[in-house]
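need a structure here:
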Amino acid sequence: MSTTVRPRYLDPALSAEERTEDLLGRMTLEEKAGQLFHPATVMNDDGSLLAGPNADYAAPTQQDVVTDRHITHLHLMNGEDPYAIAQFHNRVQELAESTRLGIPITLSTDPRHGFFSSPTTGQTINALSRWPEHPGMAALPDAERRVAEYADIVRREYLAMGFKVALGPMADIFSEPRWSRGFGTFGEDPETVARLTAAFLTGLRGGPELGPQSVSAVVKHFPGGGPQLKGNDAHDLRYPEQVYPGDSRALHIKPFEQAIAAGATQIMTYYGKPVGTDWPELAFAFNKPVVQGILRDRLGFDGIVVTDWYVIQGTTLHGIPFGPNSYGLEHLPPLERIAVALGAGVDQFGGDQCPELVVDLVESGRIPVARLDSSVRRLLQEKFRLGLFEHRYVDPERTRAVAGSAPLRSAGRKAQADSTVLLKNTRNLLPLAEGTKVYTEGIAPEALRGRAEIVPNPAQADVAVLRLHAPWREDPNGMTAFFHGGDLDFTPDQIAHVQTLAAEVPTVVLVYLERPAILHEVELLATAVLADFGAEDDVLAEIVFGDSAPQGRLPFDLPISMAAVNAHPEDVPFSTKAPLHRHGDGLAYQTVLAAEGWTRP
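This is a model prediction of the structure:
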């Protein structure tokens, strides 16, 4: 520090508000401007800091971002080893501590505990506990309690690695079944989404109030990202439209109201621009009637509003252009976009890293210092409440003991199993008896060994076990390359293959419902159908052979056809005509077999 007198902002006996005001009064304009940016960063595999820019993520060095640009919020995009992540966290904190004010880094992450892995939405870490995607959490019995327990485990593993901010949960309603982000939601039912969002916040907080043992949640994507036109996600510059043909805007906002009541301190706006409403046709980060008018004024939210990533300046991700997602303001330069967003009520810009433009706006008189201070104040208070100044570092050895520990893995595996949904079970085919001759595709034969006799072709089998993935259509252009979007029906070749198997041997179809697949033709052919929302092969084997029993209930409707999907209004849940299966459907082994005296423990 530049003074021998201990600054008041380092005194933990003072309130977060008092410490914030002292620190705010010591900051230069450049240091304040740096707080308004939350860029992506990447580490080397061993947890060391970058020596030069990273080409795959277009990420500058940590020295550049932290020391030269005064940025103190970083979003770690990569990393597969929790121990290395903890080491990276400590090294970047050392770098931050060497700056003039020593403001600690707030390290954030996208989800890391599921099965869908994408550089834009979260990188799965196999070394952590593994859980079904969030629709699967909604499928669980006693879902509210179990989501809170799940979030508590996420909190413990994140804290062990140094993450203090989770970029989630998604409070969006999965009203449009084609939406490629729906796998991150708690399903189609608005009330369930609202309850489970609040439960997740409770588990991440780890107590009644945000504190040193908390992970702060960034609830997203206000005002609800579900109603994307034809399900095409607004990450991709070709698909900016968010539509409300059923006039259900208020319904999509409801989960955010409950999140605020549950103590949410950060909310993220989405990319899309509303079309065909009385809202301005501007991306929500720039949409003052939505951010200031609804979120701030009507809902009373006084926490941090952060934009989704790269709405000001674009970047590249693995060579693919990403942004700027500044829909409606494409004609304006980045400086003007920042001015509009700040005027709309935004506090922080995700992904972008151009604090010099904020400095220009203040020095030119376009943005008053008081407006800048109001956002910086919110951001600094959160750092103090999270105890970052007192608990700057983590113990990497403890990370090894906590992250992916046996009890946490066991809890995740139980959720994988319990969330599976039994949709069909003709002639009580499931569970299979030990020693059944099984031909398998899509599930590792090793997962079945010890239970089944694995045979090399269907003609030799008693049963075929086929695992399918909910359909999507490849699109290598733009950001859509990182997502699974498009139609939900299986191709004729896929249907023909199921038909060939089913004609030869009773066939069990296991389908990963990343999205609500159109299963009508598959289900007609199959003898039994089990749906999962992300599960390891051996967990599925336990279900098939009855060591565990499916307990899940569908978290969304399964449409009967693409014609029904194409005809429905994107913003209205449960609006596809005559669905094959409805929300809440699910069979159980015990109800089917109890009459036959099935007493499997």
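
would you list every one of the helices in the stretch 51-200 of the chain?
Assigned by DSSP state H, counting those that start in this stretch, the stretch 51-200 of the chain shows helices spanning 62, 82-97, 134-139, 143-161, 190-205.

out of these, the one nearest residue 537 is which?
Among the helices of the stretch 51-200 of the chain, the nearest to residue 537 by Cβ to Cβ is helix 134-139 (15.9 Å). No exception for glycine: its C-beta is placed from N, CA and C like everyone else's.

need the residues that contact that closest one.
Helix 134-139 is contacted by residues 114, 131-132, 143, 146-147, 150, 169-170, 174, 182-187, 189, 192-193, 196, 415-416, 419, 421, 513, 532-534, 552-556, 586 when judged by Cβ atoms under 8 Å, 6 or more residues apart in numbering.

got a ChimeraX select line for the buried ones in the residues you listed?
Buried residues among these (16 or more other Cβ atoms under 10 Å), as a ChimeraX selection:
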select :114,131,132,143,146,147,150,169,170,174,182,183,184,185,186,187,189,192,193,196,415,416,419,421,513,532,533,534,552,553,554,555,556,586
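
one step back: possible to save the helices of the stretch 51-200 of the chain as TSV with distance to residue 407 and mean pLDDT?
Converted to TSV, the helices of the stretch 51-200 of the chain look like this (distance: least, Cβ to Cβ, whole Å; pLDDT from 0 to 100):
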stretch	distance to residue 407	mean pLDDT
helix 62	34	97
helix 82-97	16	98
helix 134-139	18	98
helix 143-161	9	98
helix 190-205	16	98
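
mean neighbour count, those helices: which tops it?
Across the helices of the stretch 51-200 of the chain, averaging neighbours per residue (mean count of other Cβ atoms under 10 Å) puts helix 134-139 on top, at a mean of 29.

may I have that one exported as CSV, CA atoms only?
In CSV, the C-alpha atoms belonging to helix 134-139 read as follows (Å, rounded to 0.1, in the frame of the first residue of the first chain):
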residue,chain,number,x,y,z
HIS,A,134,-31.4,-28.5,-14.5
PRO,A,135,-34.5,-30.0,-16.1
GLY,A,136,-33.5,-33.2,-14.5
MET,A,137,-33.3,-31.5,-11.1
ALA,A,138,-36.9,-30.4,-11.7
ALA,A,139,-37.8,-34.0,-12.5
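
what about that helix, distance to the chain center?
Offset of helix 134-139 from its chain centre (Cα atoms, centre = their mean, to the nearest Å): 13 Å.

in stretch 15-29, which of the residues would be classed as buried?
Neighbour-count burial for stretch 15-29 [16+ other Cβ under 10 Å]: 16, 19, 20, 21, 22, 23, 24, 27.

secondary structure added to the residues you listed, as TSV?
Shown next, in TSV, are the buried residues of stretch 15-29 (DSSP: H, G, I helix; E, B strand; the rest coil):
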residue	secondary structure
16	helix
19	helix
20	helix
21	helix
22	helix
23	helix
24	helix
27	coil
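
pick the one among those closest to residue 453.
Distances from residue 453 to those, taken as Cβ to Cβ, are shortest for residue 16 (63.2 Å).

so that closest one is in contact with residue 387, correct?
No: Residue 16 lies out of contact with residue 387 (Cβ atoms under 8 Å); the separation is 9.8 Å.

of the helices of the stretch 51-200 of the chain, which is nearest residue 69?
Across those, residue 69 has its closest neighbour in helix 62 (10.5 Å, Cβ to Cβ).

helices of the stretch 201-350 of the chain, start to end?
With DSSP H, counting those that start in this stretch, the ranges of helices along the stretch 201-350 of the chain come out as 249-261, 288, 334-344.

closest to residue 221 out of those?
For those, the distance to residue 221 is smallest for helix 249-261, at 9.6 Å, taking Cβ to Cβ.

how is this protein divided into domains?
According to automatic domain parsing, the chain comprises the domains 8-402, 420-550+586-596.

gap between the longest one and the chain center?
In this case it means domain 8-402. In this view, domain 8-402 has its centroid 11 Å away from the chain centroid, taken as Cα atoms, centre = their mean.

what about that domain, start to end distance?
End-to-end distance for domain 8-402: 34 Å, by Cα to Cα, to the nearest Å.

and for stretch 442-456?
Stretch 442-456 end-to-end distance (Cα to Cα) = 14 Å.

same question for stretch 32-41.
Stretch 32-41 has an end-to-end distance of 20 Å (criterion: Cα to Cα).

next, count neighbours for residue 13.
For residue 13, the neighbour count with other Cβ atoms under 10 Å is 7.

re the thing from before, residue 565 is nearest to which of the helices of the stretch 51-200 of the chain?
With Cβ to Cβ as the criterion, residue 565 lies closest to helix 134-139 of the helices of the stretch 51-200 of the chain, at 16.9 Å.

make CSV out of the buried residues of stretch 15-29 and add pLDDT and distance to residue 67.
CSV is the format used below for these (pLDDT from 0 to 100; distance: Cβ to Cβ, whole Å):
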residue, pLDDT, distance to residue 67
16, 97, 26
19, 98, 23
20, 98, 23
21, 98, 25
22, 98, 23
23, 98, 18
24, 98, 20
27, 98, 15
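
need the residues you listed in TSV with distance to residue 204, can you?
Output for the buried residues of stretch 15-29, formatted as TSV (distance: Cβ to Cβ, whole Å):
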residue	distance to residue 204
16	19
19	23
20	22
21	27
22	28
23	25
24	27
27	29
